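>>> What shape does this take:
(one chain, ligands or ions: 1)
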Amino acid sequence: MASRDHGPDGRGAPGPETQHRPVEGAVPEAARRRPEDPPIRNPDQYSLTDHVRKRLVQGGRYVTVEGVDDAIREGQLRWNTSDGWRFARVVDGVRLVVAVCDTETASPVVVTAWTEVADIGAAEAAERWDRTDIETIRLRSTLSERADEHVPEHIRPRDVPRPFYVRGHRLVTDPGVGHLRCVDCSGRFRSKGELDRRRCSR
Ligand SMILES: [Zn+2]
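Residues are numbered from 1 along each chain as shown. You can find the predicted model right below:
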């Protein structure tokens with residue numbers, strides 16, 4: 001019952017009484033849902049992809065189980081025609097975005113999650129984030145948005161002395177320098193595409 005509580009618009013109703021199932025379960029629930037039906041708000045019913053599990057333990061991603069759960073429970077819900085449903089929740093100026101799928105699989109799945117700076121002033125004022133946290137989040141956003149472009153002009157102003165993890169490399173920046181540097185393999189990178197193509201030879 002709680003799983004049908006999507007919000008005020010009541011889309012999906014009326015539920016046909018004849019299809020009532022005595023046993024509550026994610027499988028039948030998912031099976032009769034359509035892609036445009038808003039996803040359920042119960043984080044306990046979601047499973048995590050391996051991709052998401054890796055993100056939970058990687059430094060500099062700021063993706064946590066608690067954050068994902070809170071976003072599913074009370075985040076703003078957005079529909080994107082190419083990527084489907086996303087929950088988004090801003091905490092101290094930083095938005096955690098959680099992309100989910102709950103109709104193409106047997107049970108709802110958290111497909112991916114990432115952070116982005118929503119309000120730089122609020123983020124800087126918050127105790128939760130230090131300067132390097134904010135710089136890391138901003139740099140990651142730029143790299144993802146322009147994955148195939150060299151972006152030295154966006155890397156140069158960022159100051160990230162604490163390594164963050166992308167595609168197996170542990171990266172830092174040096175102020176005024178227009179590339180990322182891997183502290184393990186000493187590789188230099190100006191785009192996410194370059195990171196994709198070169199494996200870390202630590
Ligand atoms: Zn490396």
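
>>> Give me the helix or strand of the chain that scores worst on average pLDDT.
None of the helices or strands of the chain scores lower by mean pLDDT, DSSP states H and E than helix 26-31, at a mean of 52.

>>> Next secondary structure after that one?
strand 47-48 (DSSP states H and E).

>>> Just checking: what are the partner strands of that next one?
strand 109-117 (parallel) (DSSP bridges).

>>> near the ion, which residues of this structure show up?
The chain comes close to the ion at residues 169, 182, 184-185, 187, 200, as judged by C-beta under 5 Å from the ion. All C-beta atoms are positioned from the backbone trio N, CA, C, and that covers glycine.

>>> surely residue 153 meets residue 179?
No - assessed by C-beta atoms under 8 Å, residue 153 is found out of contact with residue 179, at 11.4 Å.

>>> Which one of those two is surrounded by more residues?
Higher neighbour count among residue 153 and residue 179: residue 179, with 18 against 9, using other C-beta atoms under 10 Å.

>>> Grab the nearest non-local neighbour of that one.
residue 188 (4.4 Å; C-beta to C-beta, 6 or more residues apart in numbering).

>>> Could you pull up the residues touching that neighbour?
179-182 (C-beta atoms under 8 Å, 6 or more residues apart in numbering).

>>> just the strands in the protein please.
Taking DSSP state E to define them, one finds strands in the chain at 47-48, 76-80, 84-91, 94-101, 109-117, 164-166, 169-173, 180-182, 188-189.

>>> Report the strands that pair with the second one, each with its relative direction.
I take that to be strand 76-80. strand 84-91 (antiparallel).

>>> CA atoms only: put the partner strand into PDB for me.
The C-alpha coordinates for strand 84-91 follow below in PDB (Å, rounded to 0.1, in the frame of the first residue of the first chain):
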ATOM      1  CA  GLY A  84      14.200   7.900 -16.800                       C
ATOM      2  CA  TRP A  85      13.600   8.700 -13.200                       C
ATOM      3  CA  ARG A  86      15.900  10.500 -10.900                       C
ATOM      4  CA  PHE A  87      15.600  11.500  -7.200                       C
ATOM      5  CA  ALA A  88      17.500  14.600  -6.200                       C
ATOM      6  CA  ARG A  89      18.100  15.800  -2.700                       C
ATOM      7  CA  VAL A  90      20.200  18.900  -1.700                       C
ATOM      8  CA  VAL A  91      22.100  18.800   1.500                       C
END
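
>>> If we ignore the residues flanking it in sequence, what's nearest residue 159?
Going by C-beta to C-beta, 6+ apart, residue 159 has residue 175 as its nearest residue, at 4.8 Å.

>>> residue contacts, that neighbour?
Counted by C-beta under 8 Å, 6+ apart, residue 175 has contacts 156-157, 159.

>>> Can you convert those into CSV and add a column each for neighbour count, pLDDT and distance to residue 146?
Converted to CSV, those look like this (neighbours: other C-beta atoms under 10 Å; pLDDT from 0 to 100; distance: C-beta to C-beta, whole Å):
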residue, neighbour count, pLDDT, distance to residue 146
156, 15, 95, 14
157, 13, 93, 15
159, 15, 93, 20
